[in-house]
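K.L.:
predicted model, plus sequence, below.
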Amino acid sequence: MNLKHILLYICTFFIFTSLSAQEKNIQKQAITIGESVTFQSSILNEKRTLNIYLPESYSKETTKKYPVIYLLDGSMDEDFIHIAGLVQFGSFSWINMVPESIVVGISNVDRKRDFTYPTNNKKDKEDFPTTGGSAKFILALEKEVQPLIAKNYRITNTKTLIGQSLGGLVATEILFKKPQLFDNYIIVSPSLWWDDESLLKATPAAFQQKKSIFIAVGKEGPIMERVAKELYYKLNIEGEKNYTLNFKFLEAQDHGDTLHLATYHAFEAIFKKDK
């Protein structure tokens, strides 16, 4: 073995020794942004999971109460992580776009069932064989999910709902039929084509309290774009005036990536304080 090989061996030995020492000194722990709650729904007759984001101050300011943002399609592998991150970012003091809030991500079991009301359209029934369960889902939100959150977390009375696509359809249904369940509605790319657009022909229930409604759609094809705009026009012309109404067309986004930017704009429109 010549000198070059000896030096190479010594350098390799010290490198591996150093890396081994570093590995021993590394400490790993899970990153926690909240908690997951599973409960048995008697209305839906199944177990349901809620993913809960808690603001950083929640464990420190033990008397403070927080508004709640309810997120449809709120599973960990769906929209919960990025919307919770947006809420955290928007609540930084130097951003001041949205108040510190609890985010409740409602995990899906069968979104095609839960987010749709019964349809008379033959193709709808073929494409969505489990369809028609939105009434039970809405009742579960009202009678089980909201009371669970109120009982177990320090919350204010301010509640916001975020729904996209079929989630936007059921969010619109709630707005029309049980508007008192939420104060703010963020409705993105709503699938109002459902049942031959029957919901657009319905008359919304009277709003007993002031609401903020934000509607958005991306470059998603003529039908999706038209029904979202028709919802805005319907509320703007036919609706009562005890609510604020905003519409955003996101020309650079499509159905897959509209939600995040739409929610950012919605937070600005609904929550941001004048500086």
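P.N.:
Everything's here; your move. No experiment lies behind these values; they were computed from the predicted model shown. Residues are numbered from 1 along each chain as shown.
K.L.:
quick one: mean pLDDT for the helix or strand hosting F39?
P.N.:
Here F39, judged by DSSP states H and E, is contained in strand 34-41. The pLDDT scores in strand 34-41 average 96.
K.L.:
parallel or antiparallel, which strands does it pair with?
P.N.:
strand 46-53 (antiparallel) (DSSP bridges).
K.L.:
identify each buried residue in the strand holding F39, please.
P.N.:
Buried positions in strand 34-41, judged by neighbour count with 16 or more other C-beta atoms under 10 Å: G34, V37, S41. In short, each C-beta sits where N, CA and C put it, glycine included.
K.L.:
give me every residue that touches the nearest residue to A269 once chain neighbours are set aside.
P.N.:
Counting by C-beta to C-beta, 6 or more residues apart in numbering, N246 is the residue found nearest to A269 once chain neighbours are left out, at 4.5 Å. Counting by C-beta atoms under 8 Å, 6 or more residues apart in numbering, N246 touches S212, I213, F214, I215, H265, A266, A269, I270.
K.L.:
are any of the residues you listed buried, and which?
P.N.:
Counted by 16+ other C-beta under 10 Å, the contacts of N246 give S212, I213, F214, I215, H265, A266, A269, I270 as buried.
K.L.:
which one of these sits closest to E100?
P.N.:
Nearest to E100 among the buried ones among the contacts of N246, counting by C-beta to C-beta, is I270 at 14.9 Å.
K.L.:
distance check, the most centrally placed residue in the chain against K272.
P.N.:
Centrality entry for the chain: nearest residue to the mean C-alpha point is L71, 2.8 Å, by C-alpha atoms, centre = their mean. Distance, L71 to K272, by C-beta to C-beta, to the nearest Å: 19 Å.
K.L.:
brilliant, that's me finished.
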